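K.L.:
What shape does this take:
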Amino acid sequence: MKSTGNDKKWWQRYIDNLYTQEDFRQLGLRLDDPQSARALHELMSGIWEEAAAQSTSDPSEREQYKEEARRLLRRLRPARRFRFKRVASIAASVAAVCCLVLGVAYFWQTESQANINYLEASTSYGEHKEVRLPDGTTLVLNSCSSVRYPERFEGDERRVALEGEGYFRVHHDEDHPFLVEASGLDVRVLGTCFNVKSYSSDQLMSVAVEEGKVQVDLPEAMMRLVASERVTIDTYSGEYAKQKSESEVAVWREGRLRFYRTPLSDVAKELERHYHCRIVLAGGAGSDNLISGEHDNKTLDAVLRSIEYTSGIRYRAEGDSIVLYK
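P.N.:
Numbers count the residues shown, from 1 in each chain. Okay, the predicted model is just below:
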């Protein structure tokens, strides 16, 4: 196998628990490829060195870094012993029974769901709204967001559809996972607190976990997150960034704004939703300008002045619009 400069990125995805079915098929080939193995060795060495560098920090943090390397080794060992023929044989022996059971289950589920009414809650510019779902789960919607949910949950899952941003405090029910369908991703939990940001008009989507665990399902891929972890997905490039952060989740509930390497186009949309205004990008102010900063209950003018000071992006009023330019 010919190794490429993306080898380290590929292995990092596997460590982060985000991989496609094709990635899994390629795993065996990569393990036997010397050049790809070197990329893995360098990446794992970096993980161990980072753990060693944390020797003066909290012991739990040092153990976390070490666990990342151990986790990869644990995942690789069973992968090499995987026997596709054996699995295929077992699958063939139960296929008819599975089809029968699933067919009956699908029929009754369809009949039951046909009699369920769906409800919808939404917010406008600068508005937040708390929604209590049928199972006791509470949801706070951010500006210009909506949620669609059944008047009662039926079947094995509790499923809702979100457009925009929402903070969920999910009622724990081990037998009925809670699933949030959003633009381009699904978030599956049992009971936890987390924030989903998935405006169909934005470049970046994100999931941040406050308590418990969540599973984020992307097209042909998945990722698991625990408390104080977040993942950001760039819908333009397809890249993702998983990070650990002790920062408060969903600060927008308190009227605050937080940006971290956020494309200026997304910043403009968030300001529009928050302040009910119209913002136009012009004169070199594009998505390649990344904005960071936190703003506590400030006026729009104060936020724009702060962005101008930190990034050089200037602004002016033109009629009923605000123009950002460089």
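K.L.:
drop to CA atoms for contacts and neighbour counts, all remaining ones
P.N.:
Noted.
K.L.:
For Ala285, grab the count of nearby residues.
P.N.:
By the criterion of other Cα atoms under 10 Å, Ala285 has 20 neighbours.
K.L.:
before we move on, what SS does it have?
P.N.:
Using DSSP: H, G, I helix; E, B strand; the rest coil, the structure places Ala285 in coil.
K.L.:
okay but it is in contact with Ile313, surely?
P.N.:
Yes: Ala285 is within contact range of Ile313, at 6.8 Å (criterion: Cα atoms under 8 Å).
K.L.:
Overlap in contacts, the two.
P.N.:
Shared contacts of Ala285 and Ile313 (Cα atoms under 8 Å, 6 or more residues apart in numbering): 324-326.
K.L.:
out of those, which are inside strands?
P.N.:
Using DSSP state E, the members of the shared contacts of Ala285 and Ile313 that fall within strands are 324-325.
K.L.:
shaky segments in the chain?
P.N.:
Across the chain, the ranges flagged by pLDDT under 70 are 1-114.
K.L.:
Please repeat the previous calculation with a cut-off of 80.
P.N.:
Scanning the chain for pLDDT under 80 picks out the ranges 1-115, 219-221, 283-284, 286-287.
K.L.:
if we can go back for a sec, go through the shared contacts of Ala285 and Ile313 and single out the one with the most neighbours.
P.N.:
Result: Leu324 is most packed of these (other Cα under 10 Å), 22 neighbours.
K.L.:
Which stretches in the stretch 51-200 of the chain count as strands?
P.N.:
In the stretch 51-200 of the chain, the strands defined using DSSP state E, counting those that start in this stretch lie at 118-122, 129-132, 138-141, 146-150, 158-169, 178-182, 185-189, 193-198.
K.L.:
Save those strands as CSV, and put in distance to Asp266 too.
P.N.:
Below are those laid out as CSV (distance: least, Cα to Cα, whole Å):
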stretch, distance to Asp266
strand 118-122, 21
strand 129-132, 22
strand 138-141, 18
strand 146-150, 19
strand 158-169, 13
strand 178-182, 17
strand 185-189, 18
strand 193-198, 11
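K.L.:
I'd like these written out as a markdown table, with mean neighbour count and distance to Val267 added.
P.N.:
Converted to a markdown table, the strands of the stretch 51-200 of the chain look like this (neighbours: other Cα atoms under 10 Å; distance: least, Cα to Cα, whole Å):
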| stretch | mean neighbour count | distance to Val267 |
| --- | --- | --- |
| strand 118-122 | 14 | 21 |
| strand 129-132 | 15 | 22 |
| strand 138-141 | 21 | 18 |
| strand 146-150 | 19 | 20 |
| strand 158-169 | 22 | 14 |
| strand 178-182 | 21 | 20 |
| strand 185-189 | 20 | 21 |
| strand 193-198 | 24 | 13 |
